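Colleague: sequence-free structure coming up:
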């Protein structure tokens with residue numbers, strides 16, 4: 001356990017050292033995030049935090065973990081993600097090109113020996129062999145988490161804080177079953193915490209796409225390595241619950257955009273954090289609420305792992321209820337349905 005704490009401490013120190021350097025370099029090179037229609041900040045903010053996160057994480061891992069082929073594969077794949085993110089932060093990358101590189105990055109650790117889910121045990125069904133579908137699921141899972149964390153990076157400290165919570169809970173689970181993935185998760189938690197010292201409101205630096213996609217990629221690949229490969233429903237449900245808040249936000253974003261006839265990759269101001277701001281909260285209040293929701297999803301995952309599935313289910317239902325309240329605060333579907341009923345009634349008369 002002491003070895004774990006040393007890994008965490010080293011990761012925090014690296015993040016505290018490299019983030020101020022990233023701030024200076026971003027200002028010098030003009031890598032800034034300027035205010036805009038979807039932005040909530042009022043002045044240009046350095047956007048090179050992903051470089052500090054990437055360097056801090058991998059230095060901590062290479063210093064503390066026993067390196068094997070899987071870790072090398074994750075390193076190479078995350079480097080692809082990081083480079084694409086840096087280019088996107090500086091010049092912009094079209095969504096289809098970004099998706100291509102994300103898919104390629106997801107394949108890299110698999111080529112280096114990352115085991116993918118083959119057998120899962122489902123309630124009332126029993127064991128189900130995925131076969132080749134396991135590879136498709138792994139790629140979908142990794143790319144999905146890359147974009148999930150990327151979308152959640154909308155307020156100061158939001159993505160870093162969510163990933164800190166998720167990484168700690170995934171570390172707890174992986175360490176209980178003796179997985180080497182535990183070192184990587186604790187290193188990620190340490191880096192996220194160190195970065196939060198500069199990214200919390202008012203932020204001195206943003207992580208950019210290079211940072212948010214990198215965090216999502218590491219969580220996606222390591223959760224497969226440490227949890228999803230286990231042939232139990234817990235192995236599938238646990239990571240889903242840990243990241244329940246941002247995953248729910250993504251699902252509703254897809255539904256919302258389809259409802260409006262828009263492309264699912266088109267950015268908008270309809271995410272949970274935007275709705276909380278529109279409801280009158282400031283950034284710190286909105287982020288705190290989303291932290292609490294994320295922590296409750298994580299608690300539900302832990303309770304589920306211990307067999308208290310009924311309490312976990314109740315907690316998830318409460319969380320989803322709160323999220324629905326936030327969503328319908330602005331996207332007034334009830335009002336739309338009510339008007340439609342009146343129209344149908346009048347037409348019938």
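Modeller: Received it, and whenever you're ready, just let me know what you need. These numbers come from a predicted model, not from an experiment.
Colleague: and the next element down the chain from the helix or strand that contains residue 142?
Modeller: Under the criterion of DSSP states H and E, residue 142 resides in helix 133-152. Counting by DSSP H and E, the element after helix 133-152 in chain order, helix or strand, is helix 158-176.
Colleague: Which elements pack onto the next helix or strand after that next one?
Modeller: Later in the chain than helix 158-176, the nearest helix or strand by DSSP H and E is helix 181-199. When contacts are defined as 3 or more CB pairs under 8 Å, 6 or more residues apart in numbering; DSSP states H and E, helix 181-199 packs onto helix 2-29, helix 49-64, helix 158-176, helix 208-223. Using the backbone N, CA and C atoms, a C-beta is placed for each residue, glycine as well.
Colleague: What helices and strands are in contact with the first helix or strand past the second one going along the chain?
Modeller: Next along the chain after helix 49-64, taking DSSP H and E as the criterion, comes helix 69-90. Packed against helix 69-90 by the contact rule (3+ CB pairs under 8 Å, 6+ apart) you find helix 49-64, helix 95-111, helix 208-223.
Colleague: Not counting residues beside it along the chain, what's closest to residue 272?
Modeller: Take residue 272 and drop its neighbours on the chain: the residue closest to it by CB to CB, 6 or more residues apart in numbering is residue 249, 5.0 Å away.
Colleague: hmm, I was thinking of residue 303
Modeller: residue 312 (4.2 Å).
Colleague: isn't the one you found right next to residue 242, touching?
Modeller: No. Contact criterion CB atoms under 8 Å: residue 312 and residue 242 do not qualify, at 11.8 Å.
Colleague: Can you report how many residues neighbour residue 73?
Modeller: Look at residue 73: counted by other CB atoms under 10 Å, it has 20 neighbours.
Colleague: Point to the residue nearest the middle of the chain.
Modeller: residue 149 (2.9 Å; CA atoms, centre = their mean).
Colleague: Distance check, that one against residue 192.
Modeller: Per CB to CB, to the nearest Å, residue 149 is found 11 Å from residue 192.
Colleague: Can you check which residues contact both of the two?
Modeller: 163, 215 (CB atoms under 8 Å, 6 or more residues apart in numbering).
Colleague: What residues of stretch 248-256 count as buried?
Modeller: 248, 249, 250, 252, 253, 256 (16 or more other CB atoms under 10 Å).
Colleague: I'd like to know which elements the helix or strand hosting the first one is packed against.
Modeller: This means residue 248. Element membership for residue 248 (DSSP H and E) is helix 244-259. Counting contacts by 3+ CB pairs under 8 Å, 6+ apart, helix 244-259 packs against helix 133-152, helix 283-305, helix 309-328.
Colleague: Name the surrounding residues that touch the last one.
Modeller: Read it as helix 309-328. Under CB under 8 Å, 6+ apart, the answer for helix 309-328 is 241, 244-245, 248-249, 252, 272, 275-276, 279, 293, 296-297, 299-301, 303-304, 334.
Colleague: Turn the buried ones among these into a named PyMOL selection, would you?
Modeller: This is how PyMOL selects the buried members of the contacts of helix 309-328, with burial counted by 16+ other CB under 10 Å:
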select buried, resi 241+244+245+248+249+252+272+275+276+293+296+297+299+300+301+303+304
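Colleague: By mean pLDDT, flag the weakest helix or strand of this protein.
Modeller: Within the chain, confidence by mean pLDDT, DSSP states H and E is lowest for helix 333-348 among all helices and strands, at a mean of 46.
Colleague: Low-confidence ranges, the stretch 51-200 of the chain, go.
Modeller: 117-128, 177-179 (pLDDT under 70).
Colleague: now with 90?
Modeller: 64-67, 89-95, 113-138, 140-141, 148, 150-156, 169-183 (pLDDT under 90).
Colleague: One more: the stretch 201-349 of the chain?
Modeller: In the predicted model, the stretch 201-349 of the chain carries pLDDT under 90 at residues 201, 222-283, 297-298, 300-310, 312-313, 316, 320, 322-349.
Colleague: Would you confirm that residue 191 contacts residue 56?
Modeller: Yes. Using CB under 8 Å as the test, residue 191 is close enough to residue 56 to be in contact (4.6 Å).
Colleague: Give me the common contacts of the two.
Modeller: 11, 14, 15.
Colleague: now the second one: how far from residue 184?
Modeller: Look at residue 14 and residue 184: by CB to CB, they are 14 Å apart.
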